[in-house]
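Undergrad: predicted structure and sequence below. I'll ask about it afterward.
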Amino acid sequence: MSALAVAHRGDPRRAVENTLTAIRLAGAAGADAIEVDLRRTADGVLVLHHDDDLSRLWGRPERVADLTLPELHTLAPEVPTLAEALETADRPLLLDTGDPELAVAALAETGGTGAMFCGSAEAMAAVRARDDRVTLFLSWYGAQPPVEPVLGAVRPQYYNPEHRFLSSQEVRVWHGRGIKVSCWTVDDAVRREELISWGVDAIISNDVEGVVKSCG
């Protein structure tokens, strides 16, 4: 059984990450889903951007949270709103945030679109408390797995650790619990093939064409 090929921030090797162009290219390359990052502007608009500020991508020191949407677009006009991304994407978006309030706001904006969520336990638990059916990827950042109270609050469809913490045995354990396994960010083709051989259910990668080929 093949895994889902998930494009990390769109297609960041052929366009600026988290832009509409990156989303379109990821879809055209055949990604099954497109992971994007969420921030909120000073006037409360949800936008796609990973970093706290604009320095890495746009050469500006300003923080997204300190700018209104018009101010943001003056400095970084390619940063899209979540609404624009939802309209542009021709496959499900996987919305990444560690902020519970932002996650809940995104849930309200994406109702009925098929959007999925990934991120911290706190953010995912806030989404789950409001929607029993939305697909959640519980992102995880260490070798120790989440404890039972966390799993009970989130009830994730996918456990989503960094790939270097996964083993074939751990994949079997999660599957035995009825939880699928995703992992990030896997850009090496040999490692992708190993993960797929273990039965991993979704792979998030910057190498969109490569992950589509591996998972196809």
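TA: Arrived safely.

Undergrad: please name the bridge partners of the residue nearest the centre of the chain.
TA: By CA atoms, centre = their mean, the mean C-alpha position of the chain lies nearest to Glu35, the distance being 3.5 Å. With beta bridges defined as DSSP bridges, Glu35 has these partners: His8, Leu94.

Undergrad: ok, it touching Arg9?
TA: Yes - applying CB atoms under 8 Å, one finds Glu35 in contact with Arg9, separated by 6.4 Å. Any C-beta I mention is one placed from the backbone N, CA and C, and that applies to glycine too.

Undergrad: residues near Asp90, how many?
TA: Neighbour count of Asp90, defined by other CB atoms under 10 Å: 10.

Undergrad: same check on the one 3 residues further on?
TA: Here the number of neighbours of Leu93 (other CB under 10 Å) works out to 25.

Undergrad: what sits closest to it if chain neighbours are left out?
TA: Closest residue to Leu93 apart from its sequence neighbours, by CB to CB, 6 or more residues apart in numbering: Ala115 at 4.9 Å.

Undergrad: do you know how far the one you found is from Val45?
TA: 17 Å (CB to CB, to the nearest Å).

Undergrad: show me which of the two is the more surrounded one.
TA: More neighbours surround Ala115 than the other of Ala115 and Val45, with 22 against 18 (other CB under 10 Å).

Undergrad: helix, strand, or coil at Ala5?
TA: Classification of Ala5 by DSSP: H, G, I helix; E, B strand; the rest coil places it in strand.

Undergrad: what ranges do the helices span in this protein?
TA: 20-28, 55-58, 69-75, 82-88, 100-110, 121-128, 148-154, 168-176, 189-198, 208-215 (DSSP state H).

Undergrad: okay, those helices in a markdown table with mean neighbour count next?
TA: Formatted as a markdown table, these follow (neighbours: other CB atoms under 10 Å):
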| stretch | mean neighbour count |
| --- | --- |
| helix 20-28 | 21 |
| helix 55-58 | 14 |
| helix 69-75 | 16 |
| helix 82-88 | 17 |
| helix 100-110 | 18 |
| helix 121-128 | 22 |
| helix 148-154 | 14 |
| helix 168-176 | 14 |
| helix 189-198 | 16 |
| helix 208-215 | 21 |
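
Undergrad: nearest to Ala3, out of those?
TA: helix 208-215 (4.6 Å; CB to CB).

Undergrad: in this protein, where is pLDDT below threshold?
TA: Residues of the chain meeting the criterion pLDDT under 70: 1.

Undergrad: let me know the outermost residue of it.
TA: Relative to the chain centroid, the chain (CA atoms, centre = their mean) has Thr74 farthest, 26.3 Å.

Undergrad: tell me how far that residue lies from Trp58.
TA: Taking CB to CB, one finds Thr74 at 11 Å from Trp58.

Undergrad: run a quick neighbour tally on the closest residue to Pro156 other than its chain neighbours.
TA: Nearest residue to Pro156, sequence neighbours excluded (CB to CB, 6+ apart): Leu138, at 3.9 Å. Leu138 has 27 neighbouring residues, counting by other CB under 10 Å.
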